[in-house]
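1. Task: produce atomic coordinates for the following.
(3 chains)
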Amino acid sequence: MATTSVLLPGEQIPPSDLPPTKKGTLTLGPNLRHLPPSTILTTTSGSLHTDPKKAALWIDAPHGRYQPSVGDLVVAQIHHGSTDTYHCALTPHTAYALLGQLAFEGANKKTRPKLESGDLVYARVKTASKWEDVEIECFNSSTGKADGLGPLKGGMVFNISPAFARRLMMGTDKEGRSKGGVVVLEEVGEKVKFEVAVGRNGRVWVDSGNVAATLVVGRLLMGCDEKGWSVEEQRREIETCLRPMF
Amino acid sequence: MPSEPAPSTNEREFILAALRENTRLDGRALDAYRPISLTFGNDYGTADVRLGKTRVLAKISCEVATPYPDRKFDGIFTITTELSPLASPAFEVGRQDTPELLLSRLLEKTIRRSGALDTESLCLVAGQKCFHLRATLHVLDADGNLVDASCLALIAALLHFRRPDIEVHGEDVTVFDPREREPVCLTIQHRPFCVSFSYYHAGEVMVQDATLLEEQCREGEVVVSMNRFGEVAQVAKYGGPPVDGLSVLGCMSAALERVKGFDKMVTEKLKEDEKRRDAGGLMAELSAENERPVEGGDRVML
Amino acid sequence: MPPTLTLHPLHRADGSATHTTPLFTILAAANGPLEVSRRDELPEEAAIEVNVRPCSGVGGPRERWMEGVITSLLKSLVLVNMYPRTLVQVTLQVTKEPGMGGLKRAVKDVALLAGLGNAAFAALVDAGVALGGTMVVGLGVAREGEVVVEPGEKELLGCGSVHAVAWGMRGEMLMAESAGRFGVEEWEGVAGRLRGDAMGAIKNDEEDGDDVMDGEVGQKEPWLRQALGESVRDAGAWRETG
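-> Numbers count the residues shown, from 1 in each chain, chains lettered A, B, ... in the order given. All right, here's what the predicted structure looks like:
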């Protein structure tokens, strides 16, 4: 994954920085746009990243409101329900995303979950286009299984930046180290039991059964996001926070 | 789109459960304030207050105007508060929402109606000329407790401000440019500050300096305005479930302690600012130069 | 002296920036794309709303004029077709302006336009709103045949004319507003100098010098690229460590 210098909005990606392609097609990720025939321009300022394996490139931009895209996992808040759908908010002050009332595992008219205004669900983005309302679902529509999606009861939800959410969801590399550089969840999880659901829309749901433990996880996550702790600093903060509990 | 989105049921229940255990989201004590910072700008009458993530900027300006016909001996003092999308996408320009109305009403009662500023001192020629002192409050970042931060910023700015020096001969008024004569402090009679209390669990739990999320989950609020001598300018409780009278009295004594703290901080910061401007005792030297007779009859412009 | 630009000073707004010049300090906030009310929505593009808030008091016709100029400037910059039926909202708060007297209103307004444009652009970048290009607005005064860029209060007071010109990254002119008495040649002189400075503000030190002429550019700092770059580098710092 190569990184280059910082690019400004509307700058052209020099052909030398483009990843090699076999079929002659490139996949453009966020913050890039294509001007036919062969010009690729940035749409915001950020650093360029490429994935030679997938012939993909994208711009990593530090800030910005979350924009839904298909396949994203999000923590959505129900605002109100109409005949067959729930209207949910993914981010404040944007149009509601639609969640079918039957879009849950094994749901039919009699056994569907009854959700109220203010409830939270963990969902996947089904469709997202600039012309239509975003649609989300709480189960895998091809297999019919929940796969961890569905209503989230109890616990607490914390706000983080979409960039930090991306880091949390990067997964681990071959040696088991977090690719996103965040060790909070794994290391706290060794001492404290808790459930967590990370939404790419910048909301993380945490439930540890009691107030103190849930707060510790939430505060550590928000602190890491706001202050940009390195892995060393994260480990120190984790120790400081967990000491009074044991 | 107007109005902040309501918090989720999970957040509301969690915050209330935490308060039952005397815990707040950021680990503060129930009566602890977030870190407060007060900075003055280079221009007189600019005060920037930060209370955690909340940030407000107060600006004082003045110009010569005609006094109101029914108040010939008073100057004019207006406070403008406008919430803009700068502070939060929930605020709309030009719309007077409830939070904005409450904020401006509280500031009016606390600062204007309590006579903190002596408006008679703003009068130049009775019935004809006076100073119009305009206090503008800009809310830059809204994360709860706008009232306390705004009042603190306004009082600090008023104390910091210098109005032009004047000379009145009968009905002629000469207003001196700040470069000709050192501008003069305002006459502030007393320094009232606001302290807000958010309450939960039928008034049993009182929290000071609530963040936005805590404000959204509260049952109601009590705002006390007083100065460091314990003189109360106003007490407000706008709706919400009833609160025990003893709790309100408890708020008043807690408020007194808090107000003394605010007052001390403002005095210290003003002194620091004085020192910074007066580096090397320049002030004394400058005034000596003004009194020296000048040749050629020209004024010396500094 | 190049302007100072800090990104993301505010928490609640999606993007924000503080822009400081010898004359003004402007705090800009950008939110979006947001849900828009039926009345303001456009079927195929994002609506752009600009609010200019003066230092003291409430705004009036002058602020409305500035809002109009900045709105049309931003319309040509924001990729509005990417966000149909939404709102991109920019609020510009003047927190410091030149002190008392002597400055003609028209002169002060044109000078303010330059700061507003730069602050609005930086706030939009910080908010991650898709933009079609990079913009730099330059401010220059002409007095007695001499051109002074980034003027202070003194230069503004005695000037013959003041000009605010916005440039895109390929040297195209996006906006030009002026006040005062001047002739075509004088204007061309100021514009040429401002163009050079604008290109200098975004030049990439790693590339070879491109077709920028006008002499003094080489010594100027690429302040816009540096300010934006700093923000990106801070956010990507975690990749270097741990």
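
2. Which helix or strand contains the residue in chain C that chain A sits nearest to?
-> Residue nearest to chain A within chain C: residue C:128 (2.0 Å; CB to the nearest CB). For every residue, glycine as well, the C-beta is placed using N, CA and C. Using DSSP states H and E, residue C:128 maps to neither a helix nor a strand.

3. do the same with residue C:68
-> Counting by DSSP H and E, residue C:68 is found in helix C:61-75.

4. picking up where we left off before, report the contact partners of the residue of chain C closest to chain A.
-> A:31, A:44, A:61, A:63, A:64, A:65, C:14, C:15 (CB atoms under 8 Å, 6 or more residues apart in numbering or on different chains).

5. Ok, residue A:164 next?
-> A:182, A:202, A:221, A:224, A:225.

6. Identify the residue nearest the second one in space, chain neighbours excluded?
-> Counting by CB to CB, 6 or more residues apart in numbering or on different chains, the nearest residue to residue A:202 once its immediate chain neighbours are dropped is residue A:162, at 4.8 Å.

7. ok, so what distance separates the residue of chain C closest to chain A from residue C:82?
-> Counting by CB to CB, to the nearest Å, the separation of residue C:128 from residue C:82 is 12 Å.

8. before we move on, what about residue B:159?
-> Distance from residue B:159 to residue C:82, counting by CB to CB: 49 Å.

9. neighbour-wise, which of these two wins?
-> residue B:159 (20 against 17; other CB atoms under 10 Å in any protein chain shown).

10. What does residue A:180 show for phi and psi?
-> With angles defined as degrees, to the nearest 10, residue A:180 sits at phi -90, psi 0.

11. Would you point out the most distant pair within the contacts of residue C:128?
-> Using CB to CB, these reach their maximum pairwise distance at A:31 and C:14, which is 14.9 Å.

12. What about residue C:38, how many residues nearby?
-> 6.

13. for it, phi and psi?
-> phi -50, psi -40.

14. Quick one: name the residues of chain A near chain C.
-> When proximity is defined as CB under 8 Å from any CB of the partner chain, chain A approaches chain C at A:3, A:5-6, A:8-11, A:31, A:33, A:41, A:43-47, A:60-65, A:93-95, A:130-131, A:163, A:167, A:180-181, A:183, A:228, A:230-232.

15. Sorry, slip of the keys, the one I care about is the stretch 101-250 of chain B.
-> Going by CB under 8 Å from any CB, the residues of the stretch 101-250 of chain B near chain C are B:134, B:136, B:138, B:140, B:141, B:142, B:143, B:177, B:178.

16. Produce a PyMOL select command limited to the buried residues of those residues.
-> In PyMOL syntax, the buried subset of those is picked out as below (16 or more other CB atoms under 10 Å in any protein chain shown):
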select buried, chain B and resi 134+136+138+140+141+142+143
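
17. Just the residues of the stretch 101-250 of chain B next to chain C: which are in strands?
-> Per DSSP state E, strands hold the following members of those: B:134, B:136, B:138, B:140, B:141.

18. Double-check the fourth one against residue B:58; I have them as touching.
-> Okay, so that is residue B:140. No - using CB atoms under 8 Å, residue B:140 is not in contact with residue B:58, being 10.9 Å away.

19. What are the buried residues along the helix holding residue C:68?
-> C:63, C:66, C:67, C:69, C:70, C:73, C:74.

20. quick one: contacts of that helix?
-> Contacts for helix C:61-75 (CB under 8 Å, 6+ apart): C:48-54, C:88, C:90, C:92, C:105, C:109, C:112-113, C:116-117, C:120-121, C:124, C:135, C:166, C:174-175, C:177.

21. how distant is that helix from the center of its chain?
-> Offset of helix C:61-75 from its chain centre (CA atoms, centre = their mean, to the nearest Å): 12 Å.

22. Could you do stretch B:59-74 as well?
-> 20 Å.

23. Let's test this: mean pLDDT of that stretch, rounded?
-> Average pLDDT, stretch B:59-74: 91.

24. How about stretch C:85-99?
-> 91.

25. Could you chop chain A up by domain?
-> As given by automatic domain parsing, the domain ranges for chain A are A:2-60, A:73-153, A:157-245.

26. Of those, which shows the lowest average pLDDT?
-> domain A:2-60 (a mean of 83).

27. Quick check: the gap between the closest residue to residue C:222 other than its chain neighbours and residue A:11.
-> Beyond its immediate neighbours in the sequence, the residue positioned closest to residue C:222 (CB to CB, 6+ apart) is residue C:203, lying 5.0 Å away. As judged by CB to CB, residue C:203 and residue A:11 stand 12 Å apart.

28. cool, residue C:237 as well?
-> Note on residue C:237: its distance to residue A:11, by CB to CB, is 22 Å.

29. okay, the two: which has more neighbours?
-> residue A:11 (21 against 12).

30. mind listing what that one touches?
-> Per CB under 8 Å, 6+ apart, neighbours of residue A:11: A:41, A:42, C:134, C:169.

31. do residue B:11 as well
-> Residue B:11 touches A:156, A:157, B:213, B:217, counting by CB under 8 Å, 6+ apart.

32. Make sure I have this right: it is in a strand.
-> No - the assignment for residue B:11 is helix, going by DSSP: H, G, I helix; E, B strand; the rest coil, so no strand is present there.

33. tally of neighbours for residue B:185?
-> Using other CB under 10 Å: residue B:185 sits among 12 other residues.

34. Then the one 4 residues further on?
-> By the criterion of other CB under 10 Å, residue B:189 has 12 neighbours.

35. Same question for residue C:160.
-> 15.

36. do residue B:28 as well
-> 16.

37. distance of the closest residue to it other than its chain neighbours from chain A?
-> In space, and not counting its chain neighbours, residue B:28 is closest to residue B:34: 7.2 Å by CB to CB, 6+ apart. The spacing between residue B:34 and chain A, counted by CB to the nearest CB, to the nearest Å, is 14 Å.

38. re earlier: from the contacts of residue C:128, list the ones also adjacent to chain B.
-> Applying CB under 8 Å from any CB to the contacts of residue C:128, those adjacent to chain B are residue C:14.

39. Between the contacts of residue C:128, which sits nearest residue B:186?
-> residue C:15 (37.6 Å).

40. ok, of the contacts of residue A:11, which one's closest to chain B?
-> Nearest to chain B among the contacts of residue A:11, with distances taken as CB to the nearest CB, is residue C:134, at 23.5 Å.

41. contacting residues for that closest one?
-> Going by CB under 8 Å, 6+ apart, the list of residues near residue C:134 reads A:8, A:9, A:10, A:11, C:121, C:168, C:169, C:202, C:224.

42. ok, is the longest helix anywhere in chain C in contact with chain B or not?
-> Longest helix in chain C, counting residues (DSSP state H): helix C:105-126. No - Helix C:105-126 is not in contact with chain B by CB under 8 Å from any CB; minimum separation 9.8 Å.

43. didn't residue C:83 look like it was pressed against residue C:46?
-> Yes - counting by CB under 8 Å, residue C:46 is a contact partner of residue C:83 at 4.0 Å.

44. Of the two, which one has the most company?
-> Neighbour count, other CB under 10 Å: between residue C:83 and residue C:46, residue C:46 has more, with 27 against 22.

45. Enumerate every residue touching the more buried one.
-> Here residue C:46 is in contact with C:32, C:33, C:78, C:80, C:82, C:83, C:84, C:85, C:86, C:87, C:88 (criterion: CB under 8 Å, 6+ apart).

46. can you pull the contacts of residue A:122?
-> So, once contact is read as CB under 8 Å, 6+ apart, residue A:122 ends up touching A:73, A:74, A:75, A:76, A:138, A:148, A:149, A:150, A:152, A:197, A:199, A:205.

47. make it 7 Å
-> A:73, A:75, A:148, A:149, A:150, A:152, A:197 (CB atoms under 7 Å, 6 or more residues apart in numbering or on different chains).

48. circling back: buried by neighbour count, from the contacts of helix C:61-75: which ones?
-> C:48-54, C:88, C:90, C:92, C:109, C:112-113, C:116-117, C:120-121, C:124, C:135, C:166, C:174-175, C:177.
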